[in-house]
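[1] with the sequence up front, the predicted model follows.
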Amino acid sequence: MDMPIVDVWANPPGIHVPETARLFAQSHSDTGLANRRHSPAELIAKMDDAGVSQILLAAWNRPGSTIFSNDQVATYTRAYPNRIFGLVSVNLHDPVSAVRELEHYVRAEGFKGLRVVPWLWNLPPTDAHYWPLYVKCIELDVPFCTQIGHTGPLRPSDVGRPIPYIDELALEFPALKIVGGHLGYPWMAEAVSVAWKHENVYIDTSAWSPKYYPPEFFVFANTTGRSKVMFGTNFPQLGWKACVDSVKSLGTGTGTGLREDVVRDFMGGNAKRVFKLPDTPGEQNMSRL
């Protein structure tokens, strides 16, 4: 594709999150890819093979432990500062330290947002543990990224429901940019309605192969949601090349695929705007033509 492609939800390969093992198995993920730690150069090689311009790579915290730290993510962002961008992960049970960590990695390391997966903590995004982080995200002008929809892991799904949680969050913090990952299925209509209702609510498609995007997503993306949808994979659950190739094979037209003029915004344009990502050297050269 002759356009920027940004994956807004990528994870470092080789990390072990016990709850996600079943998700990877159910998704028929490449276990060799998922289980092996990759160097920054190896990650870039896989991006290049798929035509992916930039990724947002998240650290991982869970109750009681750090699985992949913000500083470990920073070794990737420092190596490729125009291609790999960090998303901060925090210990939600320690909000004061969490706010400090968020501020440090955004201001000092150039991370582009905060990501919290509610099912890991069994706390919906309206819980007071999140509130100081929301205030800091607004101050730093970075998005809050979270999971919406059911959980693939065997954990309760209710905390990922768009209504009431994302709806109430957006009402309480209207200046907060919220990116709901994993489409919101089976509450897709709720996800679409919340993104349509609130100026700063967006939906990303991570953890879903493009050939399985629900019809509601295509209708929204092709009409009122063109500026509200973003490409994501949940790499390494899903591989970049397979997902990009699958987008290429989608049909066009409302309800059956993405219109040609929508694809550029979906694949990278919206993400670059919302996360304030710089152009890569290749994009800069294209803009001068």
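    Done, it's in.
[2] where along the stretch 101-250 of the chain do the strands fall?
    Listed in chain order, the strands of the stretch 101-250 of the chain (DSSP state E, counting those that start in this stretch) span 113-116, 144-147, 178-181, 201-204, 229-230.
[3] can you list the strands that the last one pairs with?
    The one in question is strand 229-230. The pairing partners recorded for strand 229-230 under DSSP bridges are strand 201-204 (parallel).
[4] quick one: mean pLDDT for the partner strand?
    Here strand 201-204 scores 98 as its mean pLDDT.
[5] what's next to it, contact-wise?
    Contacts to strand 201-204, defined as CB atoms under 8 Å, 6 or more residues apart in numbering, come from residues 8-9, 143, 145, 148, 166, 170, 177-184, 191-192, 194-195, 217, 220, 225, 228-232, 270, 274. All C-beta atoms are positioned from the backbone trio N, CA, C, and that covers glycine.
[6] any of the residues you listed buried? List them.
    Among the contacts of strand 201-204, the ones that count as buried by 16 or more other CB atoms under 10 Å are 8-9, 143, 145, 148, 166, 170, 177-184, 191-192, 194-195, 217, 220, 225, 228-232, 270, 274.
[7] among these, which are in helices?
    170, 191-192, 194-195, 217, 220, 270, 274 (DSSP state H).
[8] so in this structure, where's the weakest helix or strand by average pLDDT?
    Every helix and strand in the chain was compared by mean pLDDT, DSSP states H and E; the lowest is helix 281-288, with a mean of 58.
[9] how far away is residue 171 from residue 124?
    Per CB to CB, to the nearest Å, residue 171 is found 14 Å from residue 124.
[10] more neighbours: which of the two?
    More crowded of residue 171 and residue 124, by other CB atoms under 10 Å: residue 124, with 19 against 12.
[11] what about the lengthiest helix in the chain, average pLDDT?
    The longest helix of the chain (DSSP H) is helix 95-107. Mean pLDDT, computed over helix 95-107, is 97.
[12] stretch 171-186 too?
    Computed over stretch 171-186, the mean pLDDT rounds to 97.
[13] can you give me the offset of that stretch from its chain's centre?
    Centre-to-centre, stretch 171-186 and its host chain are 11 Å apart (CA atoms, centre = their mean, to the nearest Å).
[14] start to end distance for it?
    Length of stretch 171-186, first residue to last, CA to CA, to the nearest Å: 23 Å.
[15] isn't residue 129 right up against residue 92?
    Yes: here residue 129 reaches residue 92: they are 5.1 Å apart, a contact under CB atoms under 8 Å.
[16] comparing the two, which residue is more hemmed in?
    A direct count of neighbours by other CB under 10 Å for residue 129 and residue 92 places residue 92 higher, at 20 against 17.
[17] which helix or strand contains residue 277?
    Take DSSP states H and E as the rule and residue 277 turns out to sit in neither a helix nor a strand.
[18] check what pLDDT it gets.
    On the pLDDT scale, residue 277 is placed at 98.
[19] same deal with residue 254?
    On the pLDDT scale, residue 254 gets 48.
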